[in-house]
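J.: Okay, here's the prediction I keep looking at, along with the sequence it came from:
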Amino acid sequence: MGRGRYPARLNVAPPPPEIAARYLHIWPGRELYSSPETFPAVSSRALFGDNRPLELDIGCATGDLVLALAALRPEANYVGVDIVGKPIWRAVERAVAAGRANVRFVQADTRLVYRLVPDGALRAAYVHFPAPLLSNRQRKQLLISPALLAQMGRCLMPGGLLSVLTDQRPLFDELHAILPGAPALRLVPPEQWSVSMTELVKSHYHRRWEARGRQIFRAELVRQ
Ligand SMILES: C[S@@+](CC[C@H](N)C(=O)[O-])C[C@H]1O[C@@H](n2cnc3c(N)ncnc32)[C@H](O)[C@@H]1O
């Protein structure tokens, strides 16, 4: 099975309107780009109506990580963003089945969503197993980028965390190469990592690459 076939194989329909109204925001790229002021802020107040800490899963797919974290930490709110419909519709189904009140999903290009996040609004963000789009032609779509780090330097609260996981050494090297351009973020030494990668929070992709014996590269960055 190749890297990209999993979402396409999902047999899932868009959620009915009453479920979508609670759990799913669909934000088209053209409008997000030209009129960001017409969209709600990505904040606990705007999306959940409270002031709990907020965490963001960037490229959440079927919501494995974000749903596991939402169950483990009911005192926080979770937003999963993915650009593809099917996986995020499945994530919504799972949130409804679990009765999860502290999670929302946004179907959108995450690179256009950052600008809706108020300064310091995030307690944590996760970029786990992003596609390794390292060729010159694909680079514009890469999620590990100077733009991501600059946005995280702004969107994370002081002490807030950015967690990165990948099975791709070149992508991990890329992260380290661009880090000096993001002085607001500092690498956390492994012995101080705060996210514990128990089986409970391992996503489909995490388990898949581990089962194939791939090395998993991990970084935690803290907003200074
Ligand atoms: C390999 S999957 C990893 C999913 C999940 N983070 C995990 O750990 O299992 C990468 C996901 O990123 C999503 N993605 C890629 N580019 C994106 C973008 N610009 N905005 C939002 N999601 C994106 C893809 O649709 C896909 O679901």
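T.: Yep, that arrived. Numbering: from 1, shown residues only.
J.: which other helices and strands contact the top helix by length along the chain?
T.: Looking across the chain with DSSP state H, the single longest helix is helix 85-98. The contact analysis (3 or more CB pairs under 8 Å, 6 or more residues apart in numbering; DSSP states H and E) places helix 85-98 against helix 5-9, helix 17-23, strand 24-26, helix 64-72, strand 77-82, strand 103-107. No exception for glycine: its C-beta is placed from N, CA and C like everyone else's.
J.: ok and the residue in this structure nearest the ligand?
T.: For the chain, the residue closest to the ligand is Gly59, as judged by CB to the nearest ligand atom, at 2.7 Å.
J.: Asn77 versus that residue, what's the distance?
T.: 18 Å (CB to CB, to the nearest Å).
J.: Those two: who's more crowded?
T.: Legend: neighbour count by other CB atoms under 10 Å for Gly59 and Asn77, higher for Asn77 (25 against 20).
J.: which ones are touching the residue of the chain closest to the ligand?
T.: Neighbouring residues of Gly59 by CB atoms under 8 Å, 6 or more residues apart in numbering: 81-83, 110, 127-131, 143.
J.: same thing but at 10 Å, please
T.: 65, 80-84, 87, 110, 126-131, 143, 205 (CB atoms under 10 Å, 6 or more residues apart in numbering).
J.: Kindly report the same for Ala98.
T.: Ala98 neighbours (CB under 10 Å, 6+ apart): 63, 67, 70-71.
J.: From Gly159, how far off is Gln151?
T.: 17 Å.
J.: When these two are compared, which one has more neighbours?
T.: Gln151 (22 against 10).
J.: So which of the helices and strands packed on helix 85-98 is nearest Trp209?
T.: helix 5-9 (12.2 Å; CB to CB).
J.: Could you give the average pLDDT over the closest one?
T.: For helix 5-9, mean pLDDT rounds to 65.
J.: Isn't Ala219 up against Asp173?
T.: No: Ala219 is beyond contact range of Asp173, at 11.2 Å (criterion: CB atoms under 10 Å).
J.: more neighbours, these two?
T.: A count of neighbours by other CB under 10 Å puts Ala219 above the other of Ala219 and Asp173, at 20 against 12.
J.: any idea what sits nearest the more buried one, other than its immediate chain neighbours?
T.: Setting aside the residues directly before and after it, Ala219 is nearest to Val164 in space (CB to CB, 6 or more residues apart in numbering), at 4.5 Å.
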